[in-house]
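Chemist: build me a structure from this.
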Amino acid sequence: MLNIENLHATVADKPILRGIDLVVPAGEVHAIMGPNGSGKSTLAYVLGGRPGYEVSEGSAAFDGADMLSLEPHERATAGLFLGFQYPVEIPGVSYLQFLRESLNAQKRARGEAELSGAAFIKLAREQAAVLGMDAEMLKRPVNVGFSGGEKKRAEMVQMGIMAPKLAILDETDSGLDIDALKAVGAGINAIMRSPDKSVLLITHYQRLLDYVRPDRVHVLSRGRIVRSGGPELAHELEREGYAEVAA
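Modeler: Residues are numbered from 1 along each chain as shown. Presented below is the predicted three-dimensional model:
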């Protein structure tokens with residue numbers, strides 16, 4: 001699903017990624033952990049196509065295609081979803097309208113039939129129920145007045161509606177209380193646990209991985225993946241810290 005080879009990237013001419021090699025097969029959830037400043041969010045933004053993040057060397061293939069040659073909206077149309085650590089607020093824009101326009105824009109680009117208003121509302125209510133979220137909240141402006149947990153639940157509803165092939169989730173657990181953490185973990189499992197879908201889950205802490213059990217865990221340090229292992233590696237990081245494990 002995702003194949004990264006020797007990926008180097010800079011931000012404002014400063015090298016951040018220094019040779020990332022990573023394969024995430026279809027049907028698997030991989031977690032990336034690491035200390036602050038190691039390049040985790042940079043990796044997510046590079047794969048998402050955020051301006052200002054420049055690839056200087058290497059490649060990244062998504063579903064067999066060169067994703068680095070695609071514009072951000074083309075990556076989304078191909079089935080990529082990027083979840084943000086801090087979802088943005090968009091005053092004056094209804095979340096429902098935002099989601100419907102986003103979904104139908106992708107359907108038009110793929111030559112698929114657009115959803116009617118009634119069909120979309122039904123879909124939105126179903127996905128909100130998966131996350132234990134009151135669908136009435138989606139009538140409000142995008143993320144305006146939402147708590148941290150509500151923003152993350154709404155973003156998971158968005159992921160369910162868009163139905164991506166690959167979800168890259170950048171510190172989705174940031175700012176979540178225990179109940180929200182459980183709900184988000186259950187949502188990721190319900191939406192993305194499938195033989196034809198994959199998840200790259202970026203996190204500082206092991207706690208989310210109690211609810212979304214990864215197939216592989218990778219440690220990112222100083223712009224490189226320095227260790228990989230099974231779910232037990234996350235527990236080792238929790239006990240020993242990054243300094244010991246990444247040494």
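
Chemist: how about the strands in this structure?
Modeler: With DSSP state E as the criterion, the chain has strands at 2-11, 14-24, 29-33, 53-62, 65-66, 80-83, 90-94, 141-142, 166-170, 198-202, 216-221, 224-229.

Chemist: would you mind giving these as CSV with distance to Ile121 added?
Modeler: All C-beta atoms are positioned from the backbone trio N, CA, C, and that covers glycine. Formatted as CSV, the strands of the chain follow (distance: least, CB to CB, whole Å):
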stretch, distance to Ile121
strand 2-11, 33
strand 14-24, 33
strand 29-33, 30
strand 53-62, 31
strand 65-66, 33
strand 80-83, 21
strand 90-94, 12
strand 141-142, 17
strand 166-170, 23
strand 198-202, 27
strand 216-221, 38
strand 224-229, 43
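
Chemist: tell me how far the residue of the chain positioned farthest from its centre lies from Ala163.
Modeler: In the chain, the greatest distance from the average C-alpha position (CA atoms, centre = their mean) is reached by Ala118, at 28.1 Å. As judged by CB to CB, to the nearest Å, Ala118 and Ala163 stand 19 Å apart.

Chemist: ok, now Lys182?
Modeler: Applying CB to CB to Lys182 and Ala163 gives a distance of 22 Å.

Chemist: just Ala119 next, same as before
Modeler: Relative to Ala163, and taking CB to CB, Ala119 is found at 14 Å.

Chemist: check Leu181 too.
Modeler: 23 Å.

Chemist: next one: Arg140
Modeler: Distance from Arg140 to Ala163, by CB to CB: 23 Å.

Chemist: more neighbours, Leu181 and Ala163?
Modeler: For Leu181 versus Ala163, neighbours defined as other CB atoms under 10 Å are more numerous around Leu181 (20 against 16).

Chemist: state the pLDDT value of the more buried one.
Modeler: At Leu181, the pLDDT value in this model is 83.

Chemist: surely it and Arg207 touch.
Modeler: Yes: with contact defined as CB atoms under 8 Å, Leu181 and Arg207 form a contacting pair (6.6 Å).

Chemist: common neighbours of the two, please.
Modeler: Common neighbours of Leu181 and Arg207, using CB atoms under 8 Å, 6 or more residues apart in numbering, are Asp173.

Chemist: can you verify my assumption that Leu131 contacts Met159?
Modeler: No: look at Leu131 against Met159 with CB under 8 Å: they stay out of range, at 9.6 Å.

Chemist: tell me, what's touching those two both at once?
Modeler: What both Leu131 and Met159 touch, as defined by CB under 8 Å, 6+ apart, is the set Gly187.

Chemist: which residues touch Val11?
Modeler: Thr42, Gly52, Tyr53, Glu54.

Chemist: hmm, 7 Å instead?
Modeler: Val11 makes contact with Thr42, Gly52, Tyr53 under the criterion CB atoms under 7 Å, 6 or more residues apart in numbering.

Chemist: same question for Leu99.
Modeler: Per CB under 7 Å, 6+ apart, neighbours of Leu99: Ala124, Gln158, Ile161.
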